[in-house]
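[1] Have a look at this fold, sequence not included:
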C-alpha cells in the first residue's frame, strides 16, 4: 500500500511537472512548508542545464603541463625549492591540510627538486587563454571553457577519486557522489533510459554512488557495445518477448508481496525499479549505441578513424547521443586500472603525451558537436582529475601526487566561456587566489541544474557546510 501511494505520487508529480503545473516558486525559500519532504523531481529554481557530462581522468593530471603554465619551473629547474625565491611554499603550516591515508607510502610525498615543464604553451581563442601544446583540440574550444586553476583537496593518495566525486575523505566513511545527488533530486528526462550512467572502469574506492541515498541512485554501468551494452541486458536465448514480460510480472508480484513484509528494504525497492528499467533498456540502449548511424564526418570529428583516439572517441560520441536522448548525468572515467593511467610517477612526458593524444581530440569533438547541435547551452561539461602533480621531480622524470593546487575546467550549461579563474603560486604549488575545495565544483553544478543541496539532504543525515560547498559565481553567466 505504501509503495502504491508512493508510485502514484511520483507519477502525478512527473505529469504535473511536464504539464508546467508546478514551478520552483511553489516551494518556499529555505525549505518546504510543513517540514522535510523527499524530492519530487522538480528543480528548486530555474535551471540553466539539463544534463551533466563528468569527464574524470584517473591517476592525476599535471596541472602545470595542461592548464596552468609555470615557466618558473623551467627557470629554476634542478634546484631545491629551498634554493629558490619560493621556499615559503613548504612552510609546514601551509602543508597541514593533507590527511594521510597510508602512512609512509612511497607516493604522495613532498618532492623538493624542481622539474622543468615538459611541454610548451601557447594562447588559444579570442580570449588568449594560455594552455598546453598537448591540448590543441580543447584549446580550440578555449572561448567556451572556464578554467579553474585554484582547486585543492586533502587526500594525498588515490582515495582522492572518492573525494572528488563525493566531497568527503575516505577516512570519513562512505557518502553519496554528486551524480547520485542529482539523480535523487531530479525527475526523468527519458523513461526508457537510465538517468545516471557510468562509462569506463572504476576502482574499488569509487565503485558505488548512492550509499545512504540507496542503491537505486548508483550509476548504471554501460559498455559502448550495442551487442552487449549492459550486464544481463539481453533477452535469454529461446525466450520470447511475451514470455519475458510474463516473467517480469510474476517477479514483480513476488517482490511486492515481500515488500509488504519489509517496507523499509531499500535494496528490494531498487531491485524492482531496476527490473522494469532493464526491460525497457533492452530496446532503447542498443539503439543509442548504434554509432554507425552517424556520418563519417562526425565520426572523424571524434577521432574514431584513428587508433589512438578510437576508444575514447567512441565513448564521447555515445555520450552525445545519450545526452541528446535525455540522459541526465553521464560519468566517464578515463584510464582506470590500479591507480589510473595518468599517475605519472615516472616518464611523465611520455605518459601525458600518450594520454592527451587519446582524449584531446574526442573531447574537442564533443564540445564542438554539442555546440553545433544547440546542446551545449543545456549541457554542463566538466573535465577533472583527483589532484594535480608535484612541481618537484619524483625519480628522474616523474611527478608525485599533489593536492595543494590543481586545475579543472567547465563548459556549457550557463558557464561563461573564455574565463580563467583563480591562481596557484609561481611554481604551481599552492592555490593562492580564489581557492576552491572540490565541493565548490559540486555546488556550481547543482546551481546550474536548479538544485539547492541543503533542501536535498535527509533529516537523519545532516551534512557539513563543507559538503555543500559554494557555487563559483565568477564563472557563471548572468
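    Received it, and whenever you're ready, just let me know what you need. Here the structure is a predicted model, which means the values were calculated and not measured.

[2] any idea how far the residue nearest the centre of the chain is from residue 381?
    Centroid check for the chain by Cα atoms, centre = their mean gives residue 54 as the closest residue, at 3.0 Å. According to Cβ to Cβ, to the nearest Å, residue 54 and residue 381 sit 8 Å apart. C-betas here are computed from N, CA, C, even on glycine.

[3] Same question for residue 137.
    14 Å.

[4] Show me which of the two is the more surrounded one.
    residue 381 (27 against 20; other Cβ atoms under 10 Å).

[5] What's the first helix or strand after the one helix or strand that one maps to?
    Using DSSP states H and E, residue 381 sits within strand 379-385. Using DSSP H and E, the helix or strand that follows strand 379-385 in sequence is strand 388-389.

[6] which residues are in contact with that next one?
    60-64, 151, 344, 348, 399-403, 405-407, 428 (Cβ atoms under 8 Å, 6 or more residues apart in numbering).

[7] what's the neighbour count on the nearest residue to residue 120 once chain neighbours are set aside?
    Of all residues not flanking residue 120 in the chain, residue 133 sits nearest, at 4.6 Å (Cβ to Cβ, 6 or more residues apart in numbering). Other residues within reach of residue 133, judged by other Cβ under 10 Å, total 13.

[8] Could I get the contacting residues of residue 319?
    Per Cβ under 8 Å, 6+ apart, neighbours of residue 319: 53, 199, 330, 332, 366.

[9] before we move on, which element is it in?
    Counting by DSSP H and E, residue 319 is part of helix 307-324.

[10] Could I get the buried residue list for that helix?
    Neighbour counts over helix 307-324 (16 or more other Cβ atoms under 10 Å) mark 309-323 as buried.

[11] and the residue nearest to residue 120, what is it in contact with?
    119-122.

[12] Cross those against strands and list the overlap.
    Counted as lying in strands by DSSP state E, out of the contacts of residue 133, are 121-122.

[13] Going through the contacts of residue 133, which ones are buried?
    119, 121.

[14] Tell me how many other residues crowd residue 179.
    Counted with other Cβ under 10 Å, residues neighbouring residue 179 total 26.

[15] For it, which non-adjacent residue is closest in space?
    residue 329 (4.5 Å).

[16] Quick check: the one you found vs residue 198, distance?
    Relative to residue 198, residue 329 is positioned 9 Å away (Cβ to Cβ).

[17] for the residue lying closest to residue 125 once chain neighbours are set aside, what are its contacts?
    Leaving aside its sequence neighbours, residue 125 sits nearest to residue 142 (Cβ to Cβ, 6+ apart; 3.6 Å). Contacts for residue 142 were tallied using Cβ under 8 Å, 6+ apart; they are 124-125, 127, 129, 131, 417-418.

[18] Quick check on residue 142: phi, psi?
    phi -60, psi -30 (degrees, to the nearest 10).

[19] pLDDT value on it, please?
    For residue 142, the pLDDT comes out at 98.

[20] How about the one 4 residues further on?
    Residue 146 carries a pLDDT value of 98.

[21] Closest to residue 451 out of the contacts of residue 142?
    residue 417 (22.8 Å; Cβ to Cβ).

[22] which ones are touching that closest one?
    Contacts of residue 417 (Cβ under 8 Å, 6+ apart): 127, 142-146, 411.

[23] want to throw these into CSV with secondary structure and distance to residue 389?
    Compiled in CSV, those are given as follows (DSSP: H, G, I helix; E, B strand; the rest coil; distance: Cβ to Cβ, whole Å):
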residue, secondary structure, distance to residue 389
127, coil, 25
142, helix, 22
143, helix, 27
144, helix, 26
145, strand, 21
146, strand, 22
411, strand, 23
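
[24] Of these, keep whichever come out buried.
    For the contacts of residue 417, a burial check counting by 16+ other Cβ under 10 Å picks out 127, 142, 144-146, 411.

[25] mind listing what residue 131 touches?
    66-67, 69, 121-122, 124, 138-139, 142, 147.

[26] let's go with 7 Å and repeat that
    67, 121, 124, 139, 142 (Cβ atoms under 7 Å, 6 or more residues apart in numbering).

[27] Show me this structure divided up by domain.
    Here the domain assignment for the chain is 49-221+296-475, 227-289, based on the TED database.

[28] So for the longest one, first residue to last residue, what's the gap.
    Domain 49-221+296-475 has an end-to-end distance of 14 Å (Cα to Cα, to the nearest Å).

[29] how distant is that domain from the center of its chain?
    8 Å (Cα atoms, centre = their mean, to the nearest Å).

[30] How about the backbone phi and psi for residue 160?
    According to degrees, to the nearest 10, residue 160 has phi -60, psi -20.

[31] Near it, how many other residues are there?
    Quick note: residue 160 (other Cβ under 10 Å) scores 25 neighbours.

[32] got the contact list for stretch 54-62?
    By Cβ under 7 Å, 6+ apart, stretch 54-62 touches 161, 179, 329-336, 339-344, 348, 352, 363, 381-389, 399, 401.

[33] Return the residues in contact with residue 453.
    Contacts of residue 453 (Cβ under 7 Å, 6+ apart): 181, 443, 446, 468.

[34] List the ones among those residues that fall in helices.
    Using DSSP state H, the members of the contacts of residue 453 that fall in helices are 181, 443, 446, 468.

[35] Local confidence estimate at the third one?
    This means residue 446. 98.

[36] on that earlier part again, which of the ones in helices among the contacts of residue 453 has the most neighbours?
    residue 181 (28 neighbours).

[37] That residue contacts residue 457, doesn't it?
    No. Residue 181 is beyond contact range of residue 457, at 9.1 Å (criterion: Cβ atoms under 7 Å).

[38] Look up the closest residue to residue 198, ignoring the ones flanking it.
    Looking at residue 198 with Cβ to Cβ, 6+ apart, the closest residue is residue 219, at 3.7 Å.

[39] Can you tell me how far that neighbour is from residue 315?
    From residue 219 to residue 315 the distance is 14 Å (Cβ to Cβ).

[40] What of residue 172?
    Distance, residue 172 to residue 315, using Cβ to Cβ: 31 Å.

[41] now do residue 399
    In terms of Cβ to Cβ, residue 399 sits 27 Å off from residue 315.

[42] Kindly report the same for residue 187.
    Distance, residue 187 to residue 315, by Cβ to Cβ: 26 Å.

[43] again with residue 365
    11 Å.

[44] go on, residue 459?
    Distance from residue 459 to residue 315, by Cβ to Cβ: 39 Å.

[45] likewise residue 68?
    Residue 68 is 26 Å from residue 315, by Cβ to Cβ.

[46] For the one helix or strand residue 162 maps to, the averaged confidence score.
    Assigned by DSSP H and E, residue 162 belongs to helix 160-166. Mean pLDDT, computed over helix 160-166, is 95.

[47] what's the answer for stretch 284-294, then?
    86.

[48] Can you list the buried residues in that stretch?
    Buried, per 16+ other Cβ under 10 Å, within stretch 284-294: 284-286, 288-289, 291, 294.
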